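In: Just to be clear, the model below is a prediction. Sequence and coordinates:
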Amino acid sequence: MREEQKGNPFKKATLINPIELFDRAIRKSLKLSLPKMRAERFQKEKILILNKIRYIRQVLVTNLRNYLQSIPNINSIHEFYRTIIDVYSSTDEFKRALGRIAGAVRVIEKLSDEYLRSVRGIKKNPYLPEKVFINHLHRLWKQYLARMNSFIREISDAFIYLNTIIKKLRALPDYNPELRTIVVCGPPNSGKSSLVGRLSKAKVQIAEYPFTTKNLVFGHIEIRSNPREVVQIVDTPGLFDRPISRKKKEEILALQAIRTIADGIIFLFDCGVERTLDAEQQIRIYKEVTEFLRTKQIVVGLNKIDIVDRETYDRIFRFVVNTLKLKPIPLSVKYGIGLNHILKEIRRLFG
């Protein structure tokens, strides 16, 4: 079995429009000229048409094979990316489309070879004018183009489907399955993206994620310098900021993709005076999210202590300490307060 690729395996996947490819191949084939050789006109025309068919065959087969080879083996990629394909469509449909294109390559080869044999098989009859046989060559050439054009248009829907999915998959962030991953969750505006930006040593990677109106934010935290050890940290805006029970099927699939990479959770409660959800609503989200992600590696932060609402803070604090038996970390991500404690806890859990 092939090793799972580090990073987004679809980053190098190409896009192709078979109709445009075929049209370009025709235009270039028409620029081919009669061979410079001592031979009668019929022989030169025959060689020219053979060269045109060979050229179109080579262009189509080479480009379609390169297209297929640029798309990773679905069975060898990480479950995260496979689940995302199911979010957009389904892995079975994706594989069927790839199979259709692989079959199309064989049809193009077979059809081209059929017409190459037919052209080669035309022999000049000395009892008829040369023009009769030249016209026969050109009729075969036009038949070849017509049949190829019809077939290319017949399979173009498979390319449209794959190109649409691949374009979305290429925009996904680079996930390295060899690194452990911490998912940052919490209610809206609790400071999740800011926390990822503050904790990350490298520049965060921002990418669109299905069924959210915002972006997925990926960063990296160095938890040990010698030997160097890094964990991934990801913010999931729009995914875990309301009860999972109220989400649609497609949103649940998007959540399941995140579940495949979550080795731990940082849950940020919003304890500020401008919070969008009260303490009970935030506690409900915490319960659903942690149950869904199924990891016991949890760090709890109580954010916005710089503008704290004391009643909300106290209620959430009691829940974390008395019910969860965890030690919450008071934070002000905006002013960098408590970040060292978050890092220390991450190192304790993953170091």
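Out: Perfect, thanks for sending it.
In: Can you tell me, leaving aside adjacent residues, what's nearest to the residue most central in space within the chain?
Out: Ranked by distance to the mean C-alpha position of the chain (Cα atoms, centre = their mean), the top residue is residue 169 at 1.5 Å. Closest residue to residue 169 apart from its sequence neighbours, by Cβ to Cβ, 6 or more residues apart in numbering: residue 10 at 4.0 Å. For glycine as for every other residue, the C-beta is placed from the backbone atoms N, C-alpha and C.
In: The one you found touches residue 74, doesn't it?
Out: No - taking Cβ atoms under 8 Å as the definition, residue 10 is not a contact partner of residue 74, at 10.5 Å.
In: between those two, which one's more packed in?
Out: residue 10 (22 against 15; other Cβ atoms under 10 Å).
In: Contacts only, for that one.
Out: 71-72, 81, 166, 169-170, 172 (Cβ atoms under 8 Å, 6 or more residues apart in numbering).
In: Figure out the helix or strand that it lives in.
Out: Here residue 10, judged by DSSP states H and E, is contained in no helix and no strand.
In: where does it sit relative to residue 105, distance-wise?
Out: 21 Å (Cβ to Cβ, to the nearest Å).
In: Check which residues of stretch 79-98 are buried.
Out: Neighbour counts over stretch 79-98 (16 or more other Cβ atoms under 10 Å) mark 80-88, 91, 94, 97-98 as buried.
In: Contacts only, for the residue nearest to residue 229 when sequence neighbours are not counted.
Out: Distances taken as Cβ to Cβ, 6+ apart place residue 223 nearest to residue 229, at 5.4 Å, with adjacent residues excluded. Contact partners of residue 223, counting by Cβ under 8 Å, 6+ apart, are 229-231, 343, 346-347, 350-351.
In: Unless I misread the structure, residue 173 falls within a strand.
Out: No - counting by DSSP: H, G, I helix; E, B strand; the rest coil, residue 173 falls outside a strand, being coil.
In: Make sure it is actually in contact with residue 8.
Out: Yes - at 6.7 Å, residue 173 counts as touching residue 8 under the criterion of Cβ under 8 Å.
In: Show me what the helix or strand encompassing residue 195 is packed up against.
Out: Taking DSSP H and E as the definition, residue 195 sits inside helix 192-199. Applying 3 or more Cβ pairs under 8 Å, 6 or more residues apart in numbering; DSSP states H and E, we find helix 192-199 packed against strand 181-185, strand 215-225, strand 228-235, strand 264-270, helix 339-350.
In: can we see that at 7 Å?
Out: Under the contact criterion of 3 or more Cβ pairs under 7 Å, 6 or more residues apart in numbering; DSSP states H and E, helix 192-199 touches strand 181-185, strand 215-225, strand 228-235, helix 339-350.
In: Put together JSON lines for the ones you listed, with mean pLDDT and distance to residue 122 on each row.
Out: Below are those laid out as JSON lines (pLDDT from 0 to 100; distance: least, Cβ to Cβ, whole Å):
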{"stretch": "strand 181-185", "mean pLDDT": "91", "distance to residue 122": "65"}
{"stretch": "strand 215-225", "mean pLDDT": "80", "distance to residue 122": "60"}
{"stretch": "strand 228-235", "mean pLDDT": "88", "distance to residue 122": "64"}
{"stretch": "helix 339-350", "mean pLDDT": "91", "distance to residue 122": "73"}
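In: Figure out which of those is closest to residue 199.
Out: strand 215-225 (5.3 Å; Cβ to Cβ).
In: Name every strand pairing with that closest one and say which way it goes.
Out: strand 205-208 (antiparallel), strand 228-235 (antiparallel) (DSSP bridges).
In: Could you check the pLDDT of the residue nearest to the centre of the chain?
Out: For residue 169, the model assigns a pLDDT of 91.
In: In the stretch 51-200 of the chain, what residue spans correspond to helices?
Out: 79-88, 91-120, 130-170, 192-199 (DSSP state H, counting those that start in this stretch).
In: Identify whichever of the ones you listed lies nearest to residue 274.
Out: Of the helices of the stretch 51-200 of the chain, nearest to residue 274 by Cβ to Cβ is helix 192-199, at 14.5 Å.
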